[in-house]
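Q: I'll drop the sequence and a predicted model, then ask my questions.
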Amino acid sequence: MKDSIRVLVDKCVGCKMCESNCHFGAISMLERPEHNKKLKLAVIDLNKCAYCGLCVRICKFDAIEQKKCELQIEIDKSLYRGVWVYVEQRCGKISNIVYELLNEGQKLATELRTFLGAVLIGSDIKSKAQELIDRGANKVYVCDDPIFTEFQDDPYVSILIKLIEKEKPEIILMGATNIGRSFASRVAARIHTGLTAECTSLEIDTVTKNLQQTRPAFGGNIMATILTPNHRPQMATVRYKVFKEAKIEVGRKGEIVEYKVDTQTLLNRTKFVGFIKDTANVTNLSDANIIVSVGRGLGKSEGLELIMGLAECLGAAIGASRAAIDLGWISDMHQIGQTGRTVTPKVYIACGISGQIQHMVGVNSSDIIIAINKDASCPMMQIASYALEGDLYEIIPNIIKEIKLARSV
Amino acid sequence: MNIIVCIKQVPSLTNVQIDLETGRLKRDGVEPMINPFDEYAIEEGVRIKEKVGGKVVVITMGPPQAESALREAISRGADEAFLISDRAFGGADTLATSYTLSLAIRFIGDYDIIICGKQALDGDTAQVGPGIAEMLNIPHVACVKKIELVDDKSIRVERVMEDGYNLIESPIPTLLTVAKEINIPRMPSLRGKMFSKKAFIKILDAVTIGADTKKTGLNGSPTRVIKTFTPPPTKRNCGEKISGAAKEVAIALVERLSKLGII
């Protein structure tokens, strides 16, 4: 059985409401010369339709009919209990995103009247378990073995799947990091369940107890709420810095479960050779609270020193628009925007960036945007919290001076 | 070296405008294009072929109009193209897409490296590449910024991490998703354009690749979109314009940032 959607020919008046509102461009209007009032008819292209149901709700004439057919493959959802958080760590240091996940996970677990589990995979890592309990985990599963020293998809996927099959969690949350997005995809494909990427909001449906996962698409122009109604566990990767970090409660009680397997049985096809740290970009863009970013308005590559001076003064990371990268002023590791990174700092300082849409989708979630630009009419200056009009070569040295002055008082 | 490149046709957002009244995308005149990340995948495939020989096969799953993306890929140096298209594939999420593409790749057969862009512009999930690898039961490395061929049995790649990059070796066959740092895609050549016009694009439907239609399209998708909406305008205390002499502007800003506890 398949979901079906159709336009009821006798009810459609050709008003185009559905056509203009369809996010997927799936509806077009067809001439109906044979109609006695020459009304047009809406036609749905099923290849493009995502069956989101928006047109059904928007149609004032009840002319679109959608039939949802639930899949017959039913699993016994009651067997699945607990909300899990995957504890991403690098060289034994737990990533900050994990604390954000624990906070959100605890909220979901409370609503579902279940427990919050944390899955800690690594080498010589057991000592970190109490830290996770202090941050709200009720149960920590520890998989400690030298094979897990560095993240590699094969062994990590194999162990997590064994653990999922044994313990049957109902929800698994991971950070939408470079590791998380690769790792989660492979796990979901192996166990044939749904995975929703880069979620920015998670809620429990009060009736069905399904996880409502909301995420941006089309570069943040559209939000979509997604369910995994008939499969378990429900998996989601979660965007950085959307949720607050869980508070620390020292000495909280929780259970630590060591999960031992014969690591010889784990797949391990790729080989980790080494890690090369990026020295140019000391502060990680995704983690940064303040970002100073440059664009074409910088005018020359020498100007970068000034930008670095401001960044250093604020303890900020350095970002760039695509224009600054294409001009060869800075490496593309720093690119922010549609084909670069999405960032969510508290303060985003755009120096000489006009604010093309491709750049804006990467910075829209910043709390405060400060724009420095000669052109007061450019998009960045229009949306900025503080729009500073003028020459950045005059303004920035003054800002640095004033910050130092303010700090010395 | 036989290379399969998976691409996606996405709506072009280059000149995207948002209707300020309704907050929706203005779709008029929005041309479809190859997902920008996939252009790096095509280019990398062609570069490997140029270095060691072999062929580049490009595939996409989509409606019949996605054929134009395949022709463009051929004009950029790919040798063959397959359009994986069937009514039964419509409405697929990342799992059902991975399943369908993995069957098509099995049908095409005989591959050493599969290359995908690291994510698509519209869906932005980065899930399909690793999903295909899992269903083909081969290793993968995501978000790669450099590929080095070691010998005909293995490759060494640089995988982008948040704070640097990992060096990883993978046996062949393998799947890689590539980041934009990897290369600068070439423009289509005139010869390539001529070739692409004449190229025969094979269409693979559900029966041909032996797909179980319970596992494809909307039927095979564990996730369901239940609601789409326009995001509420960002709650930012918008719009204070500060102008004047550079010094005064700087003082005004630092004052405000101090008040907010940032400095």
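A: Nice, I can see it. Numbers count the residues shown, from 1 in each chain, chains lettered A, B, ... in the order given.
Q: now do the strands in the stretch 51-200 of chain A.
A: Secondary structure of the stretch 51-200 of chain A, counting by DSSP state E, counting those that start in this stretch: strands at A:64-67, A:83-87, A:89-90, A:93-94, A:116-122, A:139-144, A:171-175, A:195-199.
Q: dump those strands to CSV, plus mean neighbour count and distance to chain B.
A: All C-beta atoms are positioned from the backbone trio N, CA, C, and that covers glycine. What follows is these, written out as CSV (neighbours: other Cβ atoms under 10 Å in any protein chain shown; distance: least, Cβ to the nearest Cβ, whole Å):
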stretch, mean neighbour count, distance to chain B
strand A:64-67, 15, 12
strand A:83-87, 30, 15
strand A:89-90, 18, 7
strand A:93-94, 14, 11
strand A:116-122, 27, 15
strand A:139-144, 22, 20
strand A:171-175, 27, 10
strand A:195-199, 26, 4
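Q: name the SS class of residue B:251, please.
A: Assigned by DSSP: H, G, I helix; E, B strand; the rest coil, the conformation of residue B:251 is helix.
Q: would you format the strands of the stretch 51-200 of chain A as CSV with mean pLDDT included?
A: As requested, these are arranged in CSV below (pLDDT from 0 to 100):
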stretch, mean pLDDT
strand A:64-67, 86
strand A:83-87, 98
strand A:89-90, 92
strand A:93-94, 94
strand A:116-122, 97
strand A:139-144, 97
strand A:171-175, 98
strand A:195-199, 96
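Q: now the end-to-end length of stretch B:168-184.
A: End-to-end distance for stretch B:168-184: 22 Å, by Cα to Cα, to the nearest Å.
Q: buried set for that stretch?
A: B:168-170, B:172-183 (16 or more other Cβ atoms under 10 Å in any protein chain shown).
Q: likewise for stretch A:272-292?
A: Residues of stretch A:272-292 classed as buried by neighbour count (16+ other Cβ under 10 Å): A:281, A:283-292.
Q: check contacts around the residue nearest to residue A:158 when sequence neighbours are not counted.
A: The shortest distance from residue A:158 to any residue that is not its chain neighbour, by Cβ to Cβ, 6 or more residues apart in numbering or on different chains, is 4.1 Å, and that residue is residue A:266. Contact partners of residue A:266, counting by Cβ atoms under 8 Å, 6 or more residues apart in numbering or on different chains, are A:147, A:154-155, A:158-159.
Q: so how far is chain B from residue A:266?
A: Shown here: residue A:266 relative to chain B, a distance of 13 Å by Cβ to the nearest Cβ, to the nearest Å.
Q: returning to that earlier point: got CSV for the strands of the stretch 51-200 of chain A, with distance to residue B:162 too?
A: Rendered in CSV, the data for the strands of the stretch 51-200 of chain A read as follows (distance: least, Cβ to Cβ, whole Å):
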stretch, distance to residue B:162
strand A:64-67, 41
strand A:83-87, 16
strand A:89-90, 8
strand A:93-94, 12
strand A:116-122, 17
strand A:139-144, 23
strand A:171-175, 10
strand A:195-199, 15
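Q: coming back round to it: which members of the buried residues of stretch A:272-292 additionally contact chain B?
A: Residues of the buried residues of stretch A:272-292 in contact with chain B (Cβ under 8 Å from any Cβ of the partner chain): A:281, A:284-287, A:290.
Q: pLDDT for these - can I get that in JSON lines?
A: Converted to JSON lines, those look like this (pLDDT from 0 to 100):
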{"residue": "A:281", "pLDDT": "53"}
{"residue": "A:284", "pLDDT": "75"}
{"residue": "A:285", "pLDDT": "83"}
{"residue": "A:286", "pLDDT": "79"}
{"residue": "A:287", "pLDDT": "80"}
{"residue": "A:290", "pLDDT": "94"}
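Q: nearest to residue A:131, of those residues?
A: The shortest approach to residue A:131 among these belongs to residue A:287, at 18.2 Å (Cβ to Cβ).
Q: hang on, the earlier thing: contacts with chain A among the buried residues of stretch B:168-184, please.
A: Of the entries in the buried residues of stretch B:168-184, the ones placed beside chain A under the rule of Cβ under 8 Å from any Cβ are B:168-170, B:174, B:177, B:180-181.
Q: out of those residues, which sit inside helices?
A: Per DSSP state H, helices hold no members of these.
Q: just those: which are in strands?
A: B:168-170, B:174, B:177 (DSSP state E).
Q: what stretches of the chain score poorly on pLDDT?
A: This is for chain A. Under the criterion pLDDT under 70, the flagged ranges of chain A are A:1-3, A:68-74, A:279-283.
Q: other chain: chain B
A: Applying pLDDT under 70 to chain B flags the ranges B:13-29, B:232-238.
Q: which one's the longest helix in it?
A: When chain B is scanned for its longest helix (criterion: DSSP H), the result is helix B:36-52.
Q: quick one: name whatever helix or strand follows it.
A: Where DSSP states H and E defines the elements, the next helix or strand beyond helix B:36-52 is strand B:55-61.
Q: ok, that following strand: who's next to it in the sheet?
A: For strand B:55-61, the pairing partners within the sheet under DSSP bridges are strand B:2-7 (parallel), strand B:80-84 (parallel).
Q: continuing past the longest one, what's the next helix or strand?
A: Read that as strand B:2-7. Once the chain leaves strand B:2-7, the next helix or strand it forms, by DSSP H and E, is strand B:9-11.
Q: ok, back up a step: farthest pair in the ones next to chain A among the buried residues of stretch B:168-184?
A: Using Cβ to Cβ, these reach their maximum pairwise distance at B:169 and B:180, which is 22.8 Å.
Q: outline the domain layout of chain A.
A: Domain ranges of chain A: A:4-67, A:77-263, A:290-408, per automatic domain parsing.
Q: I'd guessed residue A:160 sits against residue A:188; true?
A: No: with contact defined as Cβ atoms under 8 Å, residue A:160 and residue A:188 do not form a contacting pair (10.7 Å).
Q: so those two - more neighbours on which side?
A: residue A:188 (30 against 24; other Cβ atoms under 10 Å in any protein chain shown).
Q: and that one, what does it touch?
A: Residues in contact with residue A:188, defined by Cβ under 8 Å, 6+ apart, are A:194-195, A:235, B:95, B:127, B:131.
Q: cool, residue A:77 as well?
A: Contact criterion Cβ under 8 Å, 6+ apart gives A:170, A:232 as the residues in contact with residue A:77.
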